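Peer 1: Pasting a predicted model and its sequence here:
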Number of protein chains: 2
Amino acid sequence: MDAAWEVARERGLAEITLREIADRIGMRAPSLYTHVASKNAIYDAMFGEAWTQYADEVSRVEADLPQDLAGTLRAYADHFVGFATREPVKHLLMNQRTIPGFEPSADSYAPAVAVMTSFAEHLAPRGITAQEDVDLFVALVGGIADTQLANEPGGDRWTRLIPRAIDMFVRDLEDRNR
Amino acid sequence: MDAAWEVARERGLAEITLREIADRIGMRAPSLYTHVASKNAIYDAMFGEAWTQYADEVSRVEADLPQDLAGTLRAYADHFVGFATREPVKHLLMNQRTIPGFEPSADSYAPAVAVMTSFAEHLAPRGITAQEDVDLFVALVGGIADTQLANEPGGDRWTRLIPRAIDMFVRDLEDRNR
DNA sequence: GTCTATACACCGATAGAC
DNA sequence: GTCTATCGGTGTATAGAC
C-alpha cells in the first residue's frame, strides 16, 4: 500500500502500474496477484484507507467543536479543504471518482458513510436538520476545494474565501428561519 | 471527431481507443495518424470543440440577458449546470482535466479564455468587478454541478438548489456593499 | 497522399514450474 | 509464495502498396 501511494503521488493516481508497485517492494508484477485480486482491488484498498484516515482526523476535529453553528461549519470546512490540498491524490480518489472502471466496494465505502452520518449528527443539535441545507454546504465547500486544486494547486486564491463562504451560508440560514 | 465523441459517451472519456474510433469510420487505427498527430491531439481537438460549442451557447444566453444582477447570474448558472448535466463527458474534459497526460494547447484553450473574459465583461456593468466575487460564484456553481454529477447523475437533488444559491450569493454581495 | 500491414514496448492478467 | 513465460490489448511508429 505504501508503494502504491508513493507511485500515485509521483506519477498520478491513474498512472500507477502493477510493475512499478512491484519494483518498489522488490517483487515481480504477477506476484502481487497472490495478495490482491486485481488492480482495481488496489484502488479499493486505497479508497478505504484514505476514508479511514479522513474519518480518524475528523473525529479529532469533532472532539473539540465549538458550540455555535458558524464555528462548527468553519471547523469542518477548514479540515475538508485542508485535507484536499494536503493530500490531493487521496481527495481525487475519495471524492472525484475518475479512475476508469473503479467502483468502491461496500466495505471500503463504509467509512465514507460513517463520516457523513457523524457530520449530520453534529449539525442537528446546532440547528441544521434539512437535507437541502447539508447538500448546499457540501457543494459550496467541495466547489472551493475542487476549483482551487484544478486552477491553482498549491495556492490560496479560493481557500481564503472559506470564511466569507461560511458567513454567507450561515446568514442565508438565519434569513430563511426569519 | 463524431466517432470520438460517440465512443467517449458510450465507454467513458478515458476509455477511448484509436482502434475503436477507426472501426466506426471504416478505417484501421494507424490511418488516423494521417489526420492527427497522436491520441492526445484528439483530446485536444475535442477540448477545443467542446469549449467552442459552449462559447456559442453562452453567447446566445448573453444576447438576452436581464438587466438585474440576480437574473444575470441565474442565467449563467442555469446554462452552465444545464450544459454539464446534458453533456457530462464534455464537462469532464473541459473542467475536470483528468485525462492522464493531456494538457490543452493554447489554440484549443482560447475559447475557454474568451468565455471567462466575456463573463467578466457582462458582470462589471451589473456591479461585480472584484475577482473574489467572481471566484466565489465560480466555485459555488461548479460545486453544484460536480456534486450533482458525482453523487446523483441524472437527478436534480443539487441542481434544484441553484435559485437558493444565487439568492444567497446576491444577498452576500448586497450586505458587503452596505 | 492515403491507406494497409506489421512491429514495438507497455499494460493487466493468467498458467504453471519450483 | 514467488518466479518465468505468455496472452490479448493498448498507443505509437514506420515501411510500402495503390
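Peer 2: Nice, I can see it. Residues are numbered from 1 along each chain as shown, chains lettered A, B, ... in the order given.

Peer 1: for DNA strand D, what are the nearby residues on chain A?
Peer 2: A:22, A:26-28, A:30-31, A:34-35 (C-beta under 7 Å from any atom of the strand). The C-beta positions use only the backbone N, C-alpha and C, and glycine is treated the same way.

Peer 1: repeat that with 10 Å
Peer 2: A:19, A:22, A:25-35 (C-beta under 10 Å from any atom of the strand).

Peer 1: Can you flag the buried ones in the residues you listed?
Peer 2: For those, a burial check counting by 16 or more other C-beta atoms under 10 Å in any protein chain shown picks out A:22, A:27, A:32.

Peer 1: now these as JSON lines including pLDDT?
Peer 2: Output for these, formatted as JSON lines (pLDDT from 0 to 100):
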{"residue": "A:Ala22", "pLDDT": "98"}
{"residue": "A:Met27", "pLDDT": "97"}
{"residue": "A:Leu32", "pLDDT": "98"}
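
Peer 1: so of these, which ones are in helices?
Peer 2: A:Ala22 (DSSP state H).

Peer 1: does any bit of stretch A:28-43 sit next to DNA strand C?
Peer 2: Yes. Stretch A:28-43 reaches DNA strand C (C-beta under 10 Å from any atom of the strand) through A:28-34, A:36-43.

Peer 1: for that stretch, how far is the first residue from the last?
Peer 2: Length of stretch A:28-43, first residue to last, C-alpha to C-alpha, to the nearest Å: 19 Å.

Peer 1: if you look at that stretch, does any of it touch chain B?
Peer 2: No. For a cut-off given as C-beta under 8 Å from any C-beta of the partner chain, stretch A:28-43 has no contacts with chain B; the smallest distance is 13.8 Å.

Peer 1: And for that stretch, what's in contact with it?
Peer 2: Applying C-beta atoms under 8 Å, 6 or more residues apart in numbering or on different chains, the set of residues contacting stretch A:28-43 from outside is A:4, A:16-19, A:21-22, A:45, A:93, A:99, A:101-102.

Peer 1: Please give me every residue in contact with the most centrally placed residue in chain A.
Peer 2: The centroid of chain A falls nearest to A:His91 when counting by C-alpha atoms, centre = their mean (4.6 Å). For A:His91, the contacting residues are A:83-84, A:145, A:149, by C-beta under 8 Å, 6+ apart.

Peer 1: now these as TSV including distance to B:Leu73, neighbour count and pLDDT?
Peer 2: Shown next, in TSV, are the contacts of A:His91 (distance: C-beta to C-beta, whole Å; neighbours: other C-beta atoms under 10 Å in any protein chain shown; pLDDT from 0 to 100):
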residue	distance to B:Leu73	neighbour count	pLDDT
A:Phe83	30	20	98
A:Ala84	26	24	98
A:Ala145	22	24	98
A:Leu149	24	20	97
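
Peer 1: Put together JSON lines for those residues, with secondary structure on each row.
Peer 2: Below are the contacts of A:His91 laid out as JSON lines (DSSP: H, G, I helix; E, B strand; the rest coil):
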{"residue": "A:Phe83", "secondary structure": "helix"}
{"residue": "A:Ala84", "secondary structure": "helix"}
{"residue": "A:Ala145", "secondary structure": "helix"}
{"residue": "A:Leu149", "secondary structure": "helix"}
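
Peer 1: mind listing the helices for chain A?
Peer 2: A:2-11, A:18-24, A:39-63, A:69-86, A:88-95, A:106-123, A:131-151, A:162-177.

Peer 1: give me phi/psi at A:Arg157?
Peer 2: phi -60, psi -40 (degrees, to the nearest 10).

Peer 1: Which of the buried ones among the residues of chain A next to DNA strand D sits closest to B:Met168?
Peer 2: Nearest to B:Met168 out of these is A:Leu32 (C-beta to C-beta; 49.3 Å).

Peer 1: Quick check: that closest one vs A:Gly26, distance?
Peer 2: Distance, A:Leu32 to A:Gly26, using C-beta to C-beta, to the nearest Å: 12 Å.

Peer 1: Ok, A:Ile144 next?
Peer 2: In terms of C-beta to C-beta, A:Ile144 sits 42 Å off from A:Gly26.

Peer 1: sorry, back to before: turn the contacts of stretch A:28-43 into a markdown table, including distance to B:Tyr109.
Peer 2: What follows is the contacts of stretch A:28-43, written out as a markdown table (distance: C-beta to C-beta, whole Å):
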| residue | distance to B:Tyr109 |
| --- | --- |
| A:Ala4 | 33 |
| A:Ile16 | 28 |
| A:Thr17 | 30 |
| A:Leu18 | 34 |
| A:Arg19 | 34 |
| A:Ile21 | 34 |
| A:Ala22 | 38 |
| A:Ala45 | 37 |
| A:Leu93 | 27 |
| A:Ile99 | 25 |
| A:Gly101 | 29 |
| A:Phe102 | 29 |
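
Peer 1: Buried ones among the residues you listed?
Peer 2: So, by 16+ other C-beta under 10 Å, the buried ones in the contacts of stretch A:28-43 are A:4, A:16, A:18, A:21-22, A:45, A:93, A:99, A:102.
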